[in-house]
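In: Show me the folded form of this:
(chains A and B)
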Amino acid sequence: MSVEHVDTAQPLPRVLPRTAVRRRRPGRPWGAIAVFLGPTLLLYLAFTIYPVIVTFYNSVHTLRMDLGMVYEFVGVEHFREILTSDEVFWKAARNSLTWGLVAPVLDIPLALALALLLHGKVPFAKFFRTVWFTPVLMSYPVVGVIWLWVYNYDWGMVNLVLRAIGLGQYAEAWLASPTTALPALILVTTWMFAGFNMVVLLAAIHAIPQDYLEAARVDGARGWRRTRHIIIPLLRPTIVNLAILDFIGKMKQFALVWVMTRGGPMWGTETVATYVVKRAFEWKTLDLGYPSAIAVLWFILIFGLSCAFTRLLQRREALEF
Amino acid sequence: MSPGSPGSPGAPRAFPDVFYYDNDVPEFMAAGWLADLSTGIRWENIEPYGKAFWTRPGPGGKVGTWAIPVEAASDELYYSKKLFRELGITVPANYAFTQEAFKDVVARCTKAGHAAFATGAADREWAAMYIPDALLLSKLGYDDSRKLYRGELSWKDPRVVEVFRYYKELVDLGAYAKTLTSMTLAEAHRYFHTEQKACMFPVGSWYTGRAFVPTEKGGQPKDFELGLLNYPLMKDGKGHGEKFLGVAGSLAVAAKSPNLPLAIEVANAFADVDVGNMWMARTGIQTGIKTDPARIDSPLKWYFDEFAKVNRSTKWVDLTAQSVKLLMKPGLWETYVATVNQGLANKLIGPDEALAKLEEARLKGK
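Out: Residues are numbered from 1 along each chain as shown, chains lettered A, B, ... in the order given. Model (predicted):
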């Protein structure tokens, strides 16, 4: 009996076990699979899986330079110390969480507004699309230097504008105070990523079938009502995904802080990522145990919160059209 | 341990045999990555303080001498003679103001719309430490200063409290520019000598490396009148006349170099008075290699003369604002940066709060 004689839509007769059918399927092209997937898997193992395993290993060990560079098992000691007596970690965690939660709230509505403007064919739409997207193309160090200039007390654009419109008394050294430094940095990432989110949302808007929008128009829904009741609900899966990606990205924020404030002043912009780097490479111990423990803790937190947000925000339904 | 680190497998290929070694990576010594240079170097050509700096415990606690001190630098207080003249400030004969007189100098500068100090802390974690470190040295003297930094003396010691409170008075007078946090070291140089927005510039004597180059490369203008001061004298201080001088960029040899004897021989070539003279003549910065001033032929002679005049009775002590971190435990250093380089200088916290945080960090012992 050949495979083509079996009607797989019907229950198989007992005399022919399913495994027998499977055996007769053409074999997988393991050779080709290995050729195509092998290099990628190898790179993934070398640069993702292996470092993760080493980080987990390091997190329960400490380097004893006094014993001749020997790693000593310390169990959960690092984790206990981080959670019970490391004030800087808690400050960094608070800053990172603030950034992770506030940024999507700012970024997504702004990006949505820009996308709707472009979709509404505002004059010079192509020009604005390019302009708004350009910051995404710049690296963090470049963006950081630009915004260091923008926030400069003497000649930065923010203070120049304030002085020009008679509000000079509000001119500040924006990065010099813990109360203004973190908001100032959050604003930079909003500026930087609004364009990316805008492009994704614009693509999603373009993907909405015209029938839906036409039907809404026939029913008398225009302008804001159409946006609120038709477009935004249909964009929900995209918005949720963008928000979660935004959250994850900001929870790992490092480069911008490193360039602009290095975590100062007074730990006011310290993030968990900058603190890990400081503990790993600036504490002069060569010991990656403690910073690895912080990294592991933070990985678990980001993973857990991302899963929770995904379940919470996408719990209703996956809209399909 | 990275594949390129001097002690790791394959290191001889990945790492140079003789290399520039700065003073802020002491972990290389403990890790056993540096060759012990106790023998094979003409140490008689090296200043004793330079050799002493690099003589310390290495791997397993075994004491060795790990590098040749090429560059050395002292913590100096430069000033603009022109601005001082305009503000009617007269420099004392010993080039050091008293505690109260210095406060008056700062007040005069700020009242005239200048910052007292051209300090930019944006890219240096120790930039705003020169003044407080010098005040602590003046008050406590070298031995107790070291004890303080090493965590063996309380930050609540009344003398330390007095210094911090006095320093806060200077800060409150507007000693630092509002741009302190966003100004880089390079910008601070221009702020001082080109824009002339500050009266004084507390910085390492490597000031010359940036300032004595053509103006189009960021050097000081030809007509800029550079002067040197000694740091102010704290009342009843034990460290009057003392000034920090420390080893900076040095030469080390990789312990696992396949050409170890040859590498040490190359390093030894630098332990030479002629090399010291050449270094001084070209950079204007001190060196840990012995020199023969009579044989130094340099266009910077005017500066050497000025420097010698101001420091004629200085008692050099081995430390700098940059190398204080080498004495501190990492956690204490991090707190020192946050409180002194950022908090106090930016008027974000008061002296008592800063000292409480420092004491807490000291007691944690990390």
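In: So residue B:74, which state does it fall into?
Out: When classified by DSSP: H, G, I helix; E, B strand; the rest coil, residue B:74 comes out as strand.
In: Quick one: residues in contact with stretch B:48-58.
Out: If you take Cβ atoms under 8 Å, 6 or more residues apart in numbering or on different chains as the criterion, stretch B:48-58 is touched by B:23, B:29-30, B:32, B:34, B:36-38, B:43, B:63-69, B:72, B:245-247, B:250, B:288-289, B:316, B:318. All C-beta spots, glycine's among them, are computed from the backbone N, C-alpha and C.
In: near chain A, from these?
Out: B:30, B:32 (Cβ under 8 Å from any Cβ of the partner chain).
In: Now intersect the contacts of stretch B:48-58 with the strands, please.
Out: B:63, B:64, B:65, B:68, B:69, B:72, B:245, B:246, B:247, B:250, B:316, B:318 (DSSP state E).
In: tell me, how many neighbours does the residue in the stretch 101-250 of chain A positioned nearest to chain B end up with?
Out: Per Cβ to the nearest Cβ, the residue of the stretch 101-250 of chain A with the smallest distance to chain B is residue A:176, at 3.9 Å. Neighbour count for residue A:176, taken as other Cβ atoms under 10 Å in any protein chain shown: 26.
In: Point me to the helix or strand that includes the closest residue to it other than its chain neighbours.
Out: Closest residue to residue A:176 apart from its sequence neighbours, by Cβ to Cβ, 6 or more residues apart in numbering or on different chains: residue B:181 at 3.9 Å. In the assignment (DSSP states H and E), residue B:181 maps to no helix and no strand.
In: Correct me if wrong: residue B:181 contacts residue B:123.
Out: No: counting by Cβ atoms under 8 Å, residue B:181 does not reach residue B:123; the two are 10.6 Å apart.
In: So which of the two has more stuff around it?
Out: Neighbour totals were compared for residue B:181 and residue B:123, and residue B:181 leads with 29 against 15 (other Cβ under 10 Å).
In: From residue A:175, how far off is that one?
Out: Distance, residue B:181 to residue A:175, by Cβ to Cβ, to the nearest Å: 6 Å.
In: Spatially central, which residue of the chain would that be?
Out: Looking at chain A here, since you left the chain open. For chain A, the residue whose C-alpha lies nearest the mean C-alpha position (Cα atoms, centre = their mean) is residue A:249; its distance is 2.5 Å.
In: oops, I was thinking of chain B
Out: Compute the mean C-alpha point of chain B, and by Cα atoms, centre = their mean the closest residue is residue B:320, 3.5 Å away.
In: contacting residues for the residue in the stretch 51-200 of chain B positioned nearest to chain A?
Out: Nearest to chain A, among the residues of the stretch 51-200 of chain B, is residue B:181, at 3.9 Å (Cβ to the nearest Cβ). Taking Cβ under 8 Å, 6+ apart, we find residue B:181 in contact with A:173, A:175, A:176, A:261, A:264, A:265, B:121, B:122, B:342, B:346.
In: can you check residue B:125 too?
Out: Residues in contact with residue B:125 (Cβ under 8 Å, 6+ apart) are A:262, B:337, B:341.
In: circling back: list the neighbours of the helix or strand encompassing the residue nearest to the centre of chain A that are in contact with it.
Out: For residue A:249, the host element (DSSP H and E) is helix A:232-251. With Cβ under 8 Å, 6+ apart as the contact definition, helix A:232-251 has outside contacts at A:96-97, A:99-101, A:103-104, A:107-108, A:111-112, A:189, A:193, A:197, A:200-201, A:204-205, A:208, A:212, A:272, A:298, A:301-302, A:305-306, A:309-310, A:313-314, A:316, A:318-319, A:321.
In: Summarise which helices and strands the very next helix or strand once past that helix is packed against.
Out: As assigned by DSSP H and E, the chain's next helix or strand after helix A:232-251 is helix A:255-260. Judged by 3 or more Cβ pairs under 8 Å, 6 or more residues apart in numbering or on different chains; DSSP states H and E, helix A:255-260 is in contact with helix A:140-150, helix A:178-207, helix A:272-281.
In: Mind putting these into TSV with mean pLDDT and mean neighbour count?
Out: Listed next are those as TSV, based on pLDDT from 0 to 100; neighbours: other Cβ atoms under 10 Å in any protein chain shown:
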stretch	mean pLDDT	mean neighbour count
helix A:140-150	94	17
helix A:178-207	95	20
helix A:272-281	94	21
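In: could you dump the ones you listed to a markdown table with distance to residue B:194?
Out: Shown next, in a markdown table, are the helices and strands packed on helix A:255-260 (distance: least, Cβ to Cβ, whole Å):
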| stretch | distance to residue B:194 |
| --- | --- |
| helix A:140-150 | 18 |
| helix A:178-207 | 28 |
| helix A:272-281 | 33 |
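In: Now do the domain split for the chain, please.
Out: The chain I'm using is chain A. Using automatic domain parsing, the domain parsing of chain A gives A:3-59, A:81-313.
In: Can you look at chain B instead?
Out: B:11-71+B:248-296, B:74-242+B:321-364.
In: and the stretch 101-250 of chain A, which residues reach chain B?
Out: Where the stretch 101-250 of chain A comes near chain B, counting by Cβ under 8 Å from any Cβ, the residues are A:148, A:151, A:152, A:153, A:154, A:156, A:173, A:175, A:176, A:177, A:178.
In: Could you pick out the buried ones from those residues?
Out: Listed as buried from those are A:148, A:151, A:152, A:153, A:154, A:156, A:173, A:175, A:176, A:177, A:178; burial here means 16 or more other Cβ atoms under 10 Å in any protein chain shown.
In: and the two most separated of those residues?
Out: Spanning the widest gap among these are A:154 and A:178, at 21.1 Å by Cβ to Cβ.
In: can you map out the strands along the stretch 151-300 of chain B?
Out: Secondary structure of the stretch 151-300 of chain B (DSSP state E, counting those that start in this stretch): strands located at B:198-204, B:226-233, B:242-247, B:250-253.
In: next one: the stretch 1-150 of chain A
Out: With DSSP E, counting those that start in this stretch, the ranges of strands along the stretch 1-150 of chain A come out as A:61-64, A:70-73.
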